[in-house]
Every structure is written in structure tokens, then in C-alpha cells.
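Chemist: when you get a sec, could you give me coordinates for this:
(4 chains)
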There are 2 protein chains.
Amino acid sequence: MASQNHGLVMENPTINEEIQNLIKKVLAHREFLLLIGNCWITYKGRASSQLEPGERLVVIKEDGSVLVHRPNGYEAVNWQPPGCIFRSRVEDGVLHITAIRRKPTESLSIYFNLIYLLSAMKLKDHGKFTLYASEEDMQKAILLYPSILEEGFKPISYEKKVEPGFIDVYGIDKEGKFVIVEIKRKAAGRDAVLQLSKYMQAVQSMVNREVRGILAAPDVTKGTQRLLATLGLSFKPLNPRKCAEILHKSQSLKLEDFF
Amino acid sequence: MASQNHGLVMENPTINEEIQNLIKKVLAHREFLLLIGNCWITYKGRASSQLEPGERLVVIKEDGSVLVHRPNGYEAVNWQPPGCIFRSRVEDGVLHITAIRRKPTESLSIYFNLIYLLSAMKLKDHGKFTLYASEEDMQKAILLYPSILEEGFKPISYEKKVEPGFIDVYGIDKEGKFVIVEIKRKAAGRDAVLQLSKYMQAVQSMVNREVRGILAAPDVTKGTQRLLATLGLSFKPLNPRKCAEILHKSQSLKLEDFF
DNA sequence: GAGTGGATTTCGCAT
DNA sequence: ATGCGAAGTCCACTC
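Modeler: Presented below is the predicted three-dimensional model:
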């Protein structure tokens, strides 16, 4: 059993030429690199930013993405998406790493004058990630079990382009009326209603029969209730968790098999 | 000069009761905790997710936020925002950490059966962070130097509530016409135009003079050009970087000083 | 506490 | 490549 990982770990290394060569090698080999220490950062690209010195965690991943994390907060204070090219050097006891990106042209410069922890290694991760209870799950649930939306609803299709955008689901109700469904995985606000309203107008101008609009979401925000009434739209409470459960029972059906 | 950080670093520790006690202490003391190793993860809350075993970096910050990073990708695969409460234990050589959150009720469970690197320390970071070239910068630039929008434009106010939402900036042009400005920090799409159009309708129904709409953005997306023309709105190219520069010259003026 | 809009949003999908 | 909407979005601000 391999309980040993062949990685590199250095505590409080002196920032000198040796470290420079080490960093260059690690970046060239595209290893997972982790630095904790005192650093300052400048960013220029879509926007610009400056971060005064402080103790942070910097992570450079194998795919060329960069994260700078402060000791607090969920979000990275600075970052770069995957695909960066790196330049590094040591000068006067300061490690300077620059992450460069094209399209858009951006550069993130990180300067360390103290390193508490440096670690570099190859990480293997082929584990599968599965997410349940997304808006897509709600959509699938409605398409496979239309009665959860409304008794007698017959879906026709989904993700239908109608100029202002895409209709999540549409079909026919038990009285033969056209039904447009807008799905939200959390409490729906005015924007969702306006979106639905636009789709209805677009469809109304195309088909020659009554068009209904249904907002399917776990909840609506307060003012939205009134807006719904004003526009003559209806609201169907629908829980994403519940939809995921329904799908779980009827496993791995593909929508393409039905439509 | 303090080139030494009083942190804890362990390589390939055996996962036993000692580690359990250590982790409990670190979490209780709210230290910055970093774990690299083989783990699997389950999440239940607003949605649910499952991540099969693989080698990842887990960070638990002092404020109770959690990040799980795979060896690739900019985004965390699993996470929790600040404010979590933690429970931990070791069982059969597996370290189990659960991050629990109220409102919404969520739990993130992390299981390590191999730890390559464990590090815990207190990080000090009081460095100031400054970001330039936001939409707010563009707004300020227009208000302080209205001519960058249009010669003769006189701003009246900003962030004005007009029922469908907030008007970024409004004022009077050199011919005395009402002007509504919608600002976007990047290429504006249909949504921006429709937003502006709504504001115009709302204002038109209130004031008794001609109302113009100007979309201020670095660019517009392709189809949007036509929509602008159809609705009789104009487009003013405006670069967020340039706005930031302008503001940089006239430093630290507050909008409240003018309006 | 709820609602609304921005973000260096990122990501994925479809045109 | 571009456009468009979702996200376990998060965050900040207003009401």
C-alpha cells in the first residue's frame, strides 16, 4: 500500500537561487505547487488590482490556473483561470512569479519575500463528480413525469429557441392550451417572470391558440407574486431536491430517448 | 527578522487518534488548515453532490470557510462559505471532517484515508486590496467628466429607482433632452438594451419631454447592434480601463460631494 | 431579513 | 469564436 507520496515539502526555505531553480523546474513539469508565506500581488488585465503585503496561500495547478487565498473568505482575492504561462525568478531575496494569459491578455504578478511552506507534487484524481438537484434535474423531472407540473400536461419539447432566448419546457395542457414553463432552482424573482412573459408574447404572436405561462420554482420572491398575478401567469411550487429524488428512482434515462 | 513561521507541518502522517486530537485542536483554535491527500466527499444542502476518491487539496480557513480543490480547474469542486461549524473524528484509519452550516442547512463531509501533507498555522494578513476598472469606476468617470459620454451632457443623478430597477446615470443633453445611460463594463448584449428600453418607457411616461437612451460599454454583441437601431437607442464606446485611469488622475473624489 | 444586481465572475452549450 | 443563461454561484448594498 502506497502510503507515501513522492512530493516535495520545504519549510521556511531561504529564497535564493536554489529556490529559483526549484520553482522553475516545478512550473516546467506542471506540478501542483503550493506556497504559503508573505507576499504582495499586482494584477492587470480585464481589470487591475493591487494587494499589499500579507500572509497568504498561493496555489498553482497543473493546468496553469492560479489561486491566491487570504486567511479569510471563501473567494480567492486574486486568480487566473487555466492555461497560464509562467515566468519566475529570484531577486534580492524575493521570489517573483508571473502568470501570463492570452485572450484576454492578463498578467498576475506574485512576490514572496518570506516562504513558510513550499510544496510541489503530482496529484492523481480521476474520481467522478456528480451533482444532484440542478435546474436540469428539474427540467428532466418535468419532462419524464409531467404530472408533477400539472395534471394532464403533455410536454412537446424543451430548450426551444424563440428569439428572446430558450424556453425551458413547453407543451399542451389538458384543455389543449399552449403551456410555456420557466424553471428556477431557487426562489424566482421578477427577472424570471419577465423572461417568461417575453417568451409568451413571442409564442402568442406565432400560434393561434391560447398560451399559458407557468413558473416552476421552489418559491417566488415577495413582490413577484403580484407581478405574476398582473400578467396572468401561474406559479407551480417545485422542489429541486424532490425532482432529483424522482429522477433517482427512474435512473439514467436520457431525454433524447423521449424527444 | 522573523523568517520563521510557528506553524505545524506533517508529511505522510499516519491517520490515528493522535491526528484526530490534532485536527480537533486546530479546528477549535480556528487555525488555517491545509490537507493534501486521498479523499472522497459528500455534500447535502441546497443541492447534493458526491465526489469519488482522488487526490485533492482541502483548505479550512480561520473564518470557517472550506475549499476542496482538484488538481485541475480554477473552481473548487466542493466548498462551504464562512461560518461553518466543524466535527471531526478518526475511524478505521479514515479522517472524517464535517462542515456544518445553518441557513441554509448544509453539510459537507470529507473523508481522508491518506494524507500526504498536513499543515496548520495562523496567518496574518492586513494588506489592503484595491481593484480598478469596475462598472462603478465607469459610472464615476461619467459623472465627474460627463463629456466622455457626450459633449454637453449634464448629469442630474445616478442609481435612480424607477420601478423596473435602477438607472445607472441620467441627465440632460445639450439640447435639453432627457438622457438615460445604461453602463456595462464589457460587451453589452440584448439584455442590457432591453433593460435600458424599459427604463426609457418608465421615464417617458413620467416626464413631458423627449427621452434618449445611451448604452455605454466597451462594445456590443453582434445582434445587439440591430436591436439598438430598432429601438432608436445610441451606443457610446467606453473603456473601463480608460475610466479607471481618468479617475486615478483625480484621486479619491466622492460622488456624494457632487450630487 | 429579503430582494436586486454586479463579478477580473466561470462554465458549458449551441450557433 | 461568439453569444447566452445557469451556478450549491458569492458578495455588497438597499429596503
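Chemist: CA only for contacts and neighbour counts going forward, please
Modeler: Noted.
Chemist: quick check: residues of the stretch 51-200 of chain A near DNA strand C?
Modeler: A:77-82, A:187, A:189-191 (CA under 7 Å from any atom of the strand).
Chemist: those: which two are farthest apart?
Modeler: A:Pro82 and A:Arg190 (35.2 Å; CA to CA).
Chemist: which stretches in the stretch 51-200 of chain A count as strands?
Modeler: A:66-69, A:78-80, A:85-91, A:94-101, A:106-121, A:129-132, A:154-161, A:166-172, A:178-183 (DSSP state E, counting those that start in this stretch).
Chemist: what's in contact with the first one?
Modeler: In this case it means strand A:66-69. Applying CA atoms under 8 Å, 6 or more residues apart in numbering or on different chains, the external contacts of strand A:66-69 come out as A:56-60, A:75-82, A:99, B:74.
Chemist: for the nearest residue to A:Lys124 once chain neighbours are set aside, what are its contacts?
Modeler: Leaving aside its chain neighbours, A:Lys124 sits nearest to B:Glu55 (5.4 Å; criterion: CA to CA, 6 or more residues apart in numbering or on different chains). With contacts defined as CA under 8 Å, 6+ apart, the neighbours of B:Glu55 are A:123-125, B:36-39, B:70-71.
Chemist: now do 10 Å
Modeler: Going by CA atoms under 10 Å, 6 or more residues apart in numbering or on different chains, B:Glu55 touches A:122-127, B:36-40, B:69-71, B:112, B:114-116.
Chemist: now swap in A:Lys160 and tell me
Modeler: A:Lys160 neighbours (CA under 10 Å, 6+ apart): A:166-170.
Chemist: the same query, at a cut-off of 7 Å, please.
Modeler: Residues near A:Lys160 by CA atoms under 7 Å, 6 or more residues apart in numbering or on different chains: A:166-167.
Chemist: which residues pair with it across the strands?
Modeler: Counting by DSSP bridges, A:Lys160 is bridged to A:Ile167.
Chemist: how far away is A:Glu135 from A:Ala217?
Modeler: 9 Å (CA to CA, to the nearest Å).
Chemist: who touches both of these two?
Modeler: A:183-185.
Chemist: tell me, which of those make contact with chain B?
Modeler: By CA under 7 Å from any CA of the partner chain, no member of those lies near chain B.
Chemist: and for the residue of the stretch 151-259 of chain A found nearest DNA strand D, nearest residue in space, chain neighbours not counted?
Modeler: Proximity of the stretch 151-259 of chain A to DNA strand D (CA to the nearest atom of the strand) peaks at A:Gly165, 4.4 Å away. Excluding its sequence neighbours, the residue lying closest to A:Gly165 (CA to CA, 6+ apart) is A:Tyr199, at 7.7 Å.
Chemist: same check on A:Leu233?
Modeler: Leaving out its chain neighbours, the residue that sits closest to A:Leu233 by CA to CA, 6+ apart is A:Gly213, at 5.2 Å.
Chemist: equivalent analysis for A:Asp168, please.
Modeler: Per CA to CA, 6+ apart, closest to A:Asp168 is A:Glu159, 4.9 Å.
Chemist: got a pLDDT number for that neighbour?
Modeler: The model reports A:Glu159 with a pLDDT of 73.
Chemist: hmm, A:Tyr170 and it touching each other?
Modeler: No. Here A:Glu159 does not reach A:Tyr170: they are 8.6 Å apart, not a contact under CA atoms under 7 Å.
Chemist: so for the two, which residue has more residues nearby?
Modeler: A:Tyr170 (23 against 12; other CA atoms under 10 Å in any protein chain shown).
Chemist: quick check: A:Leu123 vs DNA strand D, distance?
Modeler: 20 Å (CA to the nearest atom of the strand, to the nearest Å).
Chemist: could you report the neighbour count for that residue?
Modeler: A:Leu123 has 23 nearby residues by other CA under 10 Å.
Chemist: look at A:Gly223 and give its secondary structure.
Modeler: helix (DSSP: H, G, I helix; E, B strand; the rest coil).
Chemist: flag every residue of chain A that's near chain B.
Modeler: Counting by CA under 7 Å from any CA, chain A sits next to chain B at A:3-5, A:12, A:32, A:47-55, A:61-63, A:65, A:70-74, A:81-82, A:114, A:116, A:123-134, A:241.
Chemist: what residues are up against the closest residue to DNA strand D within chain A?
Modeler: Nearest to DNA strand D in chain A, going by CA to the nearest atom of the strand, is A:Glu135, at a distance of 3.5 Å. Shown in contact with A:Glu135 (CA under 7 Å, 6+ apart): A:183-185.
Chemist: for PyMOL, what selects the buried ones among the residues you listed?
Modeler: Buried residues within these, by 16 or more other CA atoms under 10 Å in any protein chain shown, are selected in PyMOL with:
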select buried, chain A and resi 183+184+185
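Chemist: turn the buried ones among the contacts of B:Glu55 into a named ChimeraX selection, would you?
Modeler: Selection of buried members from the contacts of B:Glu55 for ChimeraX, criterion 16+ other CA under 10 Å:
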select /A:122,123,125 /B:36,37,38,39,40,69,70,71,112,114,115,116
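Chemist: follow-up on the earlier one: do you know the pLDDT at the residue nearest to A:Lys124?
Modeler: With respect to pLDDT, B:Glu55 scores 98.
Chemist: beta partners of it?
Modeler: Here B:Glu55, judged by DSSP bridges, has bridge partners B:Asn38.
Chemist: gap between it and B:Leu117?
Modeler: 11 Å.
Chemist: now do the shared contacts for the two.
Modeler: Going by CA under 7 Å, 6+ apart, residues that sit against B:Glu55 and also against B:Leu117 are B:Gly37.
Chemist: tell me the helices in chain A, going along the chain?
Modeler: Along chain A, counting by DSSP state H, helices occupy A:17-28, A:135-144, A:190-204, A:222-231, A:240-249.
Chemist: most packed of these?
Modeler: Among the helices of chain A, ranked by average contacts under mean count of other CA atoms under 10 Å in any protein chain shown, first place goes to helix A:135-144 (a mean of 22).
Chemist: between it and strand A:178-183, how many degrees?
Modeler: Helix A:135-144 and strand A:178-183 meet at an angle of 150 degrees, taking axes from the mean of the first three to the mean of the last three CA atoms, to 10 degrees as the criterion.
Chemist: avg pLDDT for helix A:135-144?
Modeler: The model assigns helix A:135-144 a mean pLDDT of 94.
Chemist: give me the distance from that helix to the chain's centre.
Modeler: Centroid separation for helix A:135-144 versus its chain: 19 Å, with CA atoms, centre = their mean, to the nearest Å.
Chemist: export that helix as CSV, just CAs?
Modeler: Taking C-alpha atoms only, helix A:135-144 is exported to CSV below (Å, rounded to 0.1, in the frame of the first residue of the first chain):
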residue,chain,number,x,y,z
GLU,A,135,-32.2,23.2,-12.8
GLU,A,136,-31.5,20.5,-15.3
ASP,A,137,-32.8,17.9,-12.9
MET,A,138,-36.0,19.8,-12.5
GLN,A,139,-36.4,20.0,-16.3
LYS,A,140,-35.8,16.3,-16.7
ALA,A,141,-38.3,15.5,-13.9
ILE,A,142,-41.0,17.6,-15.6
LEU,A,143,-40.4,16.0,-19.0
LEU,A,144,-40.4,12.5,-17.6
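Chemist: that helix vs strand A:154-161, what angle?
Modeler: Using the same axes, to 10 degrees: helix A:135-144 against strand A:154-161 is 140 degrees.
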